[in-house]
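Peer 1: Everything below, folded, please.
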Amino acid sequence: TGFVNIFKFKDLTVDAKREFIKKFDSIRYDSEKNLFCFTFDYNNFITQRCKIKEEHMKKKLLPALIVTGLIILVVIIMGITALINKYTPTKKTEDLKEYFNISSDDEAALIVDNELSDYKAKIIDKKIYVDYKFVHDSLNSRFYWDANENVLLYTTASDIISAAADSNSYSVTKQTNDFGYPIVKATSDSALIALDYVKQYSNITFKSYDDPARIVITSKWDEIDSATVSKSTQVRVRGGIKSPILKEVKKDDKITILDSGDKWDKVATEDGIIGYIKRKALSESKKTKLTNPDYEEETFTHIKKDK
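Peer 2: Sure, this is the predicted structure:
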């Protein structure tokens, strides 16, 4: 009949065993036949049998369910972590000495009209000197270095101005003037000129900054796109929150917009940092005309020949 399969007490508790015995209508011992006789309704044991199988199944499935749940939990945690990393801005900062390619303590970066120059300034006795080739090509082509005589020459409409190498003075035609410190220093293949001396005869302005040393020069007096920072944010090496930080900027800081993008604008700060900033962190840009009130343009007299 299969009834014997019901008698599997091994995995049952004591209470479960008692409940099982109660399901019999009668249990008696037949001494003549030397056996127990049971009276019962077989249907009463179907549910019990199913419960036993169910308990066995649960015990087999439980470890698998636990493992599956742990795997799902790990996947969810990894997904959340990836999303957080994707949308969390990096706090990594760029090494500005590497950014400006400064290799020694007596060097200073040169930023001219919001562009980083390949040339470097030299700091000698706390004074700023720049290479003659840089001056001639980028600031004022009327300077001339005579390498044979070791003399720096500059010609105006009315005068020839000369300064000898390592001299503190310069001559304007026949008059000698004291500059206060050496104007020009000869090098093996060129010359270094005091930037203050160059400014004296050129339509430029400059300002120096530290950490790292850099000189910001303005030599072009055109219109620029200017804006102010509307909320504190960062200037980054490239457009994107995962790009390293060049500089922290604060609300109302002034910047120049060099190029506009969809979400990030290329900008220059007043202290010569060139990088990218979120467009939504800036005010509306406006055109601003640069001027140099300290410079008076030289007037040349043109001599006409008689016909």
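
Peer 1: which non-adjacent residue is nearest the most centrally placed residue in the chain?
Peer 2: Among the residues of the chain, the one closest to the centroid is Pro244, at 2.1 Å (C-alpha atoms, centre = their mean). Excluding its sequence neighbours, the residue lying closest to Pro244 (C-beta to C-beta, 6 or more residues apart in numbering) is Glu94, at 4.1 Å. (Each C-beta comes from the backbone N, C-alpha and C, glycine too.)

Peer 1: surely that neighbour meets Val237?
Peer 2: Yes - using C-beta atoms under 8 Å, Glu94 is in contact with Val237, at 5.5 Å.

Peer 1: Identify the contacts common to the two.
Peer 2: Taking C-beta atoms under 8 Å, 6 or more residues apart in numbering as the criterion, Glu94 and Val237 both touch 244, 246.

Peer 1: quick check: longest strand of this protein.
Peer 2: In the chain, assigned by DSSP state E, the strand with the most residues is strand 115-124.

Peer 1: In contact with the residue nearest to the centre of the chain, which residues?
Peer 2: 90, 92-94, 236-237.

Peer 1: Could you check how many residues crowd around Lys92?
Peer 2: Lys92 sits with 11 neighbouring residues when counted by other C-beta atoms under 10 Å.

Peer 1: I figured it was touching Ile245, is that so?
Peer 2: Yes - counting by C-beta under 8 Å, Lys92 touches Ile245, with 6.8 Å between them.

Peer 1: what bits of this protein have low per-residue confidence?
Peer 2: In the predicted model of the chain, residues 1-12, 42-56, 58, 299-307 satisfy pLDDT under 70.

Peer 1: Tell me where it has helices.
Peer 2: 14-22, 46-87, 96-99, 132-134, 195-200 (DSSP state H).

Peer 1: closest to Lys185 out of those helices?
Peer 2: helix 132-134 (10.1 Å; C-beta to C-beta).

Peer 1: tell me which strands and helices that closest one is in contact with?
Peer 2: strand 115-124, strand 191-194 (3 or more C-beta pairs under 8 Å, 6 or more residues apart in numbering; DSSP states H and E).

Peer 1: May I see these arranged in TSV, with distance to Tyr132 and mean neighbour count as well?
Peer 2: Formatted as TSV, the helices and strands packed on helix 132-134 follow (distance: least, C-beta to C-beta, whole Å; neighbours: other C-beta atoms under 10 Å):
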stretch	distance to Tyr132	mean neighbour count
strand 115-124	10	16
strand 191-194	4	23
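
Peer 1: of all those, which lies closest to Glu270?
Peer 2: strand 115-124 (15.0 Å).

Peer 1: strands paired with the closest one, and their directions?
Peer 2: According to DSSP bridges, strand 115-124 has the following sheet partners: strand 107-112 (antiparallel), strand 127-131 (antiparallel).

Peer 1: Please identify which of the helices and strands packed on helix 132-134 is closest to Glu32.
Peer 2: strand 115-124 (114.9 Å).
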